[in-house]
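> Next comes the sequence, and after it the predicted model I'd like to discuss.
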Amino acid sequence: MNLTTRFTFDAAHRILGHQGKCAYLHGHTYHLEVTISAERLDPLGMVIDFDDLRALVRKAVLDRWDHATLLAEQDPLVPAIAGVQAEAPEKVVTLSQNPTAEILTRTAWEAIRQALPPGVRLLRVKIEETPACSSELTADSA
């Protein structure tokens, strides 16, 4: 049995070294879709309660990324933005690589996978950066 839930979050990012407009700091309204599965349903007939899954994803990913600035750790903007946001330093999130849709998808995959309870398997994580552009990671390709 599979279970899917969808989230929306807003974040700013830029792609360090990009030759086009993505080199500039800009924002997106992202959509995150998570699909999990279990071989057996729990005693209530669920893979996992939707509220529990939402809380898990919020804690693993969204609490950090929503309304944050996502940057590569080597980006020279990191100290400048962190200084401006001194009262909310957790809202400058650095990643080991550029915060592309692909890297965000992989990062979300790992955080969610590690947070799932035993017996629940992560099948798919999809991040839509725009209505026409998305990245997806599945259990078959992870």
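All right, it came through fine. Given the structure is predicted, the values throughout are model-derived calculations rather than measurements. Numbers count the residues shown, from 1 in each chain.
> Please tell me how far the residue lying farthest from the centre of the chain sits from residue 132.
Going by Cα atoms, centre = their mean, the residue of the chain most distant from its centre is residue 43, 30.2 Å out. Using Cβ to Cβ, to the nearest Å, one gets 42 Å for the distance from residue 43 to residue 132. For every residue, glycine as well, the C-beta is placed using N, CA and C.
> rewinding a little: would the residue farthest from the centre of the chain count as being in a strand?
No - with the criterion set as DSSP: H, G, I helix; E, B strand; the rest coil, the secondary structure at residue 43 is coil rather than a strand.
> Need the phi and psi values for it.
When read as degrees, to the nearest 10, the backbone of residue 43 gives phi -60, psi -20.
> Then residue 98?
phi -60, psi 140.
> Does it touch residue 72 like I think?
Yes - with contact defined as Cβ atoms under 8 Å, residue 98 counts as touching residue 72 (4.8 Å).
> shared neighbours, the two?
Common contacts of residue 98 and residue 72 (Cβ atoms under 8 Å, 6 or more residues apart in numbering): residue 16.
> quick one: contacts for the residue sitting nearest the centre point of the chain?
Residue closest to the average C-alpha location in the chain (Cα atoms, centre = their mean): residue 108, at 4.0 Å. If you count contacts by Cβ under 8 Å, 6+ apart, residue 108 has them with 32, 60-61, 125, 127.
> before we move on, what about residue 97?
Neighbouring residues of residue 97 by Cβ under 8 Å, 6+ apart: 72, 103.
> Repeat the analysis, applying 6 Å as the threshold.
Going by Cβ atoms under 6 Å, 6 or more residues apart in numbering, residue 97 touches residue 103.
> cool, and the one 3 residues further on?
For residue 100, no residue meets the contact criterion (Cβ under 6 Å, 6+ apart).
> any idea how far it is from residue 15?
Look at residue 100 and residue 15: by Cβ to Cβ, they are 6 Å apart.
> Any idea how far the helix or strand of the chain with the lowest mean pLDDT is from the middle of the chain?
Least confident helix or strand of the chain, by mean pLDDT, DSSP states H and E, is helix 77-84 with a mean of 86. Helix 77-84 sits 22 Å away from the centroid of its parent chain (Cα atoms, centre = their mean, to the nearest Å).
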